[in-house]
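Engineer: build the 3D model from these lines:
(chains A and B)
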Amino acid sequence: MSSNSVLLMIFFYTKMKIKVELRSSKLGVLWLLLQRILFLAIYYISFRYLLKSKDITSIVSCLVGLISYNWFSQTINEGTVSLIGSKGITNSTIVPSYIFIISSSLVCLWRYLFVLTVFFLFITFHKSSDLFTLNLLYILPAITFAFLIFTSVSFLLAAVYPVFPDIKHIVDAFTKLFLFISCIFYDVKAVPEDVQFYFLLNPLSFLISNLRAILLGGEFQGFSFVLYSILIFTVVSILGLFLYKRNQFKYNYINTI
Amino acid sequence: MNPLVQVESLDFEYFYKPPKRSFGLTKKKVLSNINLSLNKSEILVILGKNGCGKSTLLRILAKIYKPSSGFIKYYGGRSPKLLAPGVGFMDDLTGIENLVLSFSLMTGKLPTQENINRIIEYSEIGIRLEEPTAIYSSGMRSRLAFATALESSSEVILIDEALGAGDDSFRRKVNLTYKRKIEEGMSFVVVTHNLNWVKNHATRVLVLDDGKICYDGPTIDGIEHFCELLDP
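Structural biologist: Sure, this is the predicted structure:
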């Protein structure tokens, strides 16, 4: 199958999945917006009034972390089962099954960009300084590399899941662990200096730190992390491809579930 | 005879997760030493008991499953396609969106306006194509799925228990289409339990028993052989 066909399938399948998601409720895109605003409001109220936090900056900082974490956990969880979920299609026609992993990742990216836009608008009303400066461009490499790494990890997990379904439990535990090691509820500077570097090796921390720098001002993480991200992406992708190539003909008839 | 597909010494093993706790997967031989050829303008029907490997053989011919050993030679242009009505259909999408999605998943390209017109005409869905398929009757849905699958098929069509759809008149239309396609030089490999259809349409019958070919020859003798297998 030509690369054009593959790209077309990825694009069209993703577009249709997003359409279905938008049509799955009566309010459609409006509900999607309301859902995100409610999500942000719940966290805001919890931090501000239940936890009595008076520091708006730290609340916004936590929200940035939580939104990004949700993206990460959705991409990993939905990506892991995407191959098995598309068995009805791959069992009936010759279609490269990896398109369903990439498509699942793209749908999660779309949700994230949507919620991030809502969040940016929300912040603009609360922030005296202008958010839309050139610094905003830092968000592009941060999101791009996070997307590539999340997708490659999903790819690796999706390649393993049909032959070793128990991995789902390990993934669940690890995604929860990332909630605590990804500088979501705290700033990386709160971590002892000698281990800060290791915390930032986590691509989710890298993304969150740069988003915070854009929204709240502060120090951007250096582009050495971009090189590191490329390295992680390459290693995980090669491993994922190896396992995928080894098992790809088993996926269609394996009785995982 | 010009073969379109030639299968030689084909074996296939299935992997499954055993019910007992185990880290590995267990292999089970589903097909062994399969030799067959499919000629131009032929309707080859595969008969056999449930679980004997008929659908698996079709999926191997369609390159969806990879044989464990042996080989398949494809002569001519495109490789055989499994007629898979409704591939990728999503209930919340409209008829036209499902048509385009299903066609693109089966062929790797978007349908042209000509393809779309032919599908619309064949399925007889008309203006309801703009409505979500969730509110279609099962007959309408099958007609659209079937018309899309037929439009995206190649010169060898593989059919797994999906000979027709919708009401009697649509089934007759589908049977006429099969006849026309045969006349155009296309071939079919069909898995079905409808012996009446086999008697009327098959040009050759192949009987599978426990993953092995136990008969390959004329239709009437093939049906008799299959009946004996069911009721020895």
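Engineer: tell me, how many residues neighbour the closest residue to chain B within the stretch 101-250 of chain A?
Structural biologist: Nearest residue of the stretch 101-250 of chain A to chain B: residue A:249, at 4.0 Å (C-beta to the nearest C-beta). Heads up, the C-betas are built off the backbone N, CA and C, glycines and all. As a burial measure, residue A:249 scores 16 neighbours (other C-beta atoms under 10 Å in any protein chain shown).
Engineer: again, but for residue B:168
Structural biologist: Residues lying near residue B:168 (other C-beta under 10 Å) number 8.
Engineer: ramachandran angles for it?
Structural biologist: phi -60, psi -40 (degrees, to the nearest 10).
Engineer: and residue A:102, what is it in contact with?
Structural biologist: Counting by C-beta atoms under 8 Å, 6 or more residues apart in numbering or on different chains, residue A:102 touches A:10, A:151, A:155.
Engineer: run the last query once more with 6 Å
Structural biologist: By C-beta atoms under 6 Å, 6 or more residues apart in numbering or on different chains, residue A:102 lies in contact with residue A:10.
Engineer: same check, this time on the one 4 residues further on
Structural biologist: In this structure, residue A:106 makes contact with residue A:14, judged by C-beta under 6 Å, 6+ apart.
Engineer: how far away from the center of its chain is the helix or strand in which it is found?
Structural biologist: Assigned by DSSP states H and E, residue A:106 belongs to helix A:98-126. Offset of helix A:98-126 from its chain centre (C-alpha atoms, centre = their mean, to the nearest Å): 8 Å.
Engineer: and the helix or strand that that helix is followed by, what's buried?
Structural biologist: Sequence-wise, the next helix or strand downstream of helix A:98-126 (DSSP H and E) is helix A:139-160. Neighbour counts over helix A:139-160 (16 or more other C-beta atoms under 10 Å in any protein chain shown) mark A:139, A:141-143, A:145-160 as buried.
Engineer: check those one by one and keep those near chain B.
Structural biologist: Checked against chain B using C-beta under 6 Å from any C-beta of the partner chain, the buried residues of helix A:139-160 yield no neighbours at all.
Engineer: re the thing from before, could you give the angle of the helix holding residue A:106 to helix A:139-160?
Structural biologist: For helix A:98-126 against helix A:139-160, the angle by axes from the mean of the first three to the mean of the last three C-alpha atoms, to 10 degrees is 150 degrees.
Engineer: part of a strand, is residue B:46?
Structural biologist: Yes - counting by DSSP: H, G, I helix; E, B strand; the rest coil, residue B:46 is found in a strand.
Engineer: can you name the residues that contact it?
Structural biologist: Counted by C-beta under 6 Å, 6+ apart, residue B:46 has contacts B:54, B:191, B:206.
Engineer: also residue A:204?
Structural biologist: A:72, A:182.
Engineer: list the buried ones in the helix holding residue A:106?
Structural biologist: Under 16+ other C-beta under 10 Å, the buried positions of helix A:98-126 are A:98-109, A:111-112, A:114-116, A:118-120, A:122-123.
Engineer: before we move on, what about stretch B:33-41?
Structural biologist: Applying 16+ other C-beta under 10 Å to stretch B:33-41 flags B:34, B:36, B:37, B:38, B:40 as buried.
Engineer: which outside residues touch it?
Structural biologist: Stretch B:33-41 is touched from outside by B:1-10, B:44, B:182, B:185, B:187, with contacts defined as C-beta under 6 Å, 6+ apart.
Engineer: helix/strand/coil for the residue nearest the centre of chain B?
Structural biologist: Relative to the mean C-alpha position of chain B, the nearest C-alpha, by C-alpha atoms, centre = their mean, is the one of residue B:159, at 1.9 Å. Secondary structure, three-state DSSP: residue B:159 is strand.
Engineer: any idea of the pLDDT on it?
Structural biologist: Looking at residue B:159, its pLDDT stands at 87.
Engineer: hmm, back to that, grab the nearest non-local neighbour of the residue of the stretch 101-250 of chain A closest to chain B.
Structural biologist: Of all residues not flanking residue A:249 in the chain, residue B:66 sits nearest, at 4.0 Å (C-beta to C-beta, 6 or more residues apart in numbering or on different chains).
Engineer: wait, isn't the one you found in contact with residue A:251?
Structural biologist: No - in this structure residue B:66 lies outside contact range of residue A:251 using C-beta atoms under 6 Å: 11.1 Å.
Engineer: higher neighbour count, the two?
Structural biologist: It is residue A:251, of residue B:66 and residue A:251, that has more neighbours when counted by other C-beta under 10 Å, with 22 against 12.
Engineer: distance-wise, check the more buried one relative to residue A:86.
Structural biologist: Relative to residue A:86, residue A:251 is positioned 9 Å away (C-beta to C-beta, to the nearest Å).
Engineer: how about residue A:35?
Structural biologist: Counting by C-beta to C-beta, the gap from residue A:35 to residue A:86 is 26 Å.
Engineer: okay, these two: which has more neighbours?
Structural biologist: Just comparing residue A:35 and residue A:86: by other C-beta under 10 Å the higher neighbour count belongs to residue A:86, 24 against 16.
Engineer: who's in contact with the more buried one?
Structural biologist: residue A:100.
Engineer: now do it, the pLDDT please.
Structural biologist: Looking at residue A:86, its pLDDT is 87.
Engineer: what does the one 4 residues further on give?
Structural biologist: The confidence metric pLDDT takes the value 86 at residue A:90.
Engineer: once you drop chain neighbours, what's closest to it?
Structural biologist: residue A:97 (4.7 Å).
Engineer: tell me the contacts of that neighbour?
Structural biologist: Contact analysis of residue A:97 by C-beta under 6 Å, 6+ apart lists A:83, A:90, A:251.
Engineer: quick one: name the residues of chain B near chain A.
Structural biologist: With C-beta under 6 Å from any C-beta as the criterion, chain B meets chain A at residues B:14-17, B:63-64, B:66, B:82, B:84, B:87-88, B:90, B:92, B:101, B:104-106, B:108.
Engineer: now do the domain split for chain B, please.
Structural biologist: The record, using automatic domain parsing to delimit domains, assigns chain B the ranges B:3-80+B:189-230, B:84-153.
Engineer: those domains: which one's closest to residue A:17?
Structural biologist: With C-beta to C-beta as the criterion, residue A:17 lies closest to domain B:84-153 of the domains of chain B, at 7.8 Å.
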